[in-house]
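Visitor: how would this look folded up:
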Amino acid sequence: PVDLSEGVLKATCMQALGQAIDVQLGLAIDSPKATLAVKRRLACEMVKCWQQAHESIADIPLLDGWGEKHRLFVKWKHMEAKAAAYYYHGLILDEGNTEKSHRAAVAALQSAEESLRESRAVCEAFHTASPFSRQSTYIIKNKNCH
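Guide: Residues are numbered from 1 along each chain as shown. Okay, the predicted model is just below:
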């Protein structure tokens, strides 16, 4: 099909890797043995995957609404991954005992919060974009954007 260009296929491949790492991060979050460094490394790997997916699909002319919906999904997950990476980086920096490390931690946590806000906005755009895969009023009402 015309819409399965090399860029779309690469984006889909990177999306699959990003989602697999997201599962690993979820398992690490639930594990008391996983260190902050492990969680940060997984979050950073996830950022790389979603960034590559975003770059692969960004300049491709997409012929239908599903293409734009895919682009929004990739952007949403990329911003969500950035929020996680900044968050864990901030927690690691905050373990330092200096004023400089504390300031850097605050800056990282503020970046995490900003990325999370942007992620939520793109999540809402994704869910309200046509073609609808779910009833958008249900999703917005129940705040299904994480």
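
Visitor: only C-alpha atoms from now on, for both contacts and neighbour counts.
Guide: Fine.

Visitor: low-confidence ranges in the protein?
Guide: Counting by pLDDT under 70, the chain contains low-confidence ranges at 1-3, 62-65, 133-146.

Visitor: quick one: the helices in it?
Guide: Along the chain, counting by DSSP state H, helices occupy 6-30, 36-58, 65-94, 99-128, 136-141.

Visitor: need those in TSV (columns: mean neighbour count).
Guide: Putting the helices of the chain into TSV (neighbours: other CA atoms under 10 Å) gives the following:
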stretch	mean neighbour count
helix 6-30	17
helix 36-58	21
helix 65-94	22
helix 99-128	19
helix 136-141	12
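
Visitor: look up how far residue 85 lies from the nearest residue to residue 66 once chain neighbours are set aside.
Guide: Setting aside the residues directly before and after it, residue 66 is nearest to residue 131 in space (CA to CA, 6 or more residues apart in numbering), at 6.5 Å. Taking CA to CA, to the nearest Å as the measure, residue 131 falls 31 Å from residue 85.

Visitor: ok, residue 106 touching residue 90?
Guide: Yes: assessed by CA atoms under 8 Å, residue 106 is found in contact with residue 90 at 6.7 Å.
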